[in-house]
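Colleague: pasting the sequence and the predicted model now:
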Amino acid sequence: MTQYDFKSIWLPYNADFYRVAFSLLKDRDEAMDATQDLYIKLWNMKNLLDQVEHPKAFGIRLMKNLCLDRIRKRNSRPDTASAITFEPNGENGRGSDSVMIGKEDIRMLEAAIDKLPPTQQQIIRLRFYEEKNFEEIASEMGLSQINTRVLLSRARNRLKTLLKRKI
């Protein structure tokens, strides 16, 4: 991958990557540092990036993992309730135990989502599985964008409560 290809493919997602970092880290400077770290990591693996089918989703997953590592280092203890990371082939250097833990976490998350009211379930799935923005979700569900945001916030808070009980 050439420098031009890298810039044309990855730089348009800079704002998206920053938003993910800021939402997790809650600090502007740290989010900017994490975004820079992401681009360094992507550049170092530029020879493999031609195989990536969905650059935005791939970059967001990398960003979440980078931010979670930062949070873990900051708190000096693992934070299993904050997010679930799943690396299908143990690609991050950890063994198959982490894959099994990831699958169990995903099952717990799915069970918690199933306990939400149907509208909240649909909003969670549209936002995080299908990566739709609030405008698309509101349009699809016949809601206002503000109502969509409120319902998503309530669903996330309910999921946190349900998952904390299981952990």
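Modeller: Yep, it's here.

Colleague: next one: Tyr18 from Asp29, what distance?
Modeller: Tyr18 sits 12 Å away from Asp29, going by Cβ to Cβ, to the nearest Å. Glycine gets a C-beta too; all of them are placed from N, C-alpha and C.

Colleague: who's in contact with the helix or strand hosting Arg149?
Modeller: When elements are assigned from DSSP states H and E, Arg149 belongs to helix 145-166. With contact meaning Cβ atoms under 8 Å, 6 or more residues apart in numbering, helix 145-166 is reached by 81, 108-109, 112-113, 115-116, 119-121, 123-124, 127, 134-135, 137-138, 141, 143.

Colleague: give me the buried entries from the residues you listed.
Modeller: Leu109, Ala112, Ile113, Leu116, Gln120, Ile123, Ile124, Arg127, Phe134, Ile137, Ala138, Leu143 (16 or more other Cβ atoms under 10 Å).

Colleague: so what are the domain limits for this structure?
Modeller: Listed domain ranges for the chain are 3-75, 96-166 (source: automatic domain parsing).

Colleague: turn those domains into TSV, including mean pLDDT.
Modeller: TSV is the format used below for the domains of the chain (pLDDT from 0 to 100):
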stretch	mean pLDDT
domain 3-75	91
domain 96-166	84
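
Colleague: quick one on the thing from earlier: neighbour-wise, which of Tyr18 and Asp29 wins?
Modeller: Tyr18 (18 against 8; other Cβ atoms under 10 Å).

Colleague: ok, Leu42 - how many residues close by?
Modeller: 22.

Colleague: with Ile60 instead?
Modeller: 19.

Colleague: over to the closest residue to it other than its chain neighbours. Which of the three states is it?
Modeller: Counting by Cβ to Cβ, 6 or more residues apart in numbering, Ile60 lies nearest to Val20, which is 5.5 Å off, once chain neighbours are set aside. Put simply, Val20 is helix when judged by DSSP: H, G, I helix; E, B strand; the rest coil.

Colleague: and Val20, what is it in contact with?
Modeller: Ile60, Met63, Lys64, Cys67 are the contacts of Val20 under Cβ under 8 Å, 6+ apart.

Colleague: can you name every helix or strand that the strand or helix carrying Asn65 contacts?
Modeller: If you go by DSSP H and E, Asn65 is part of helix 55-75. The contact analysis (3 or more Cβ pairs under 8 Å, 6 or more residues apart in numbering; DSSP states H and E) places helix 55-75 against helix 3-10, helix 14-25, helix 28-44.
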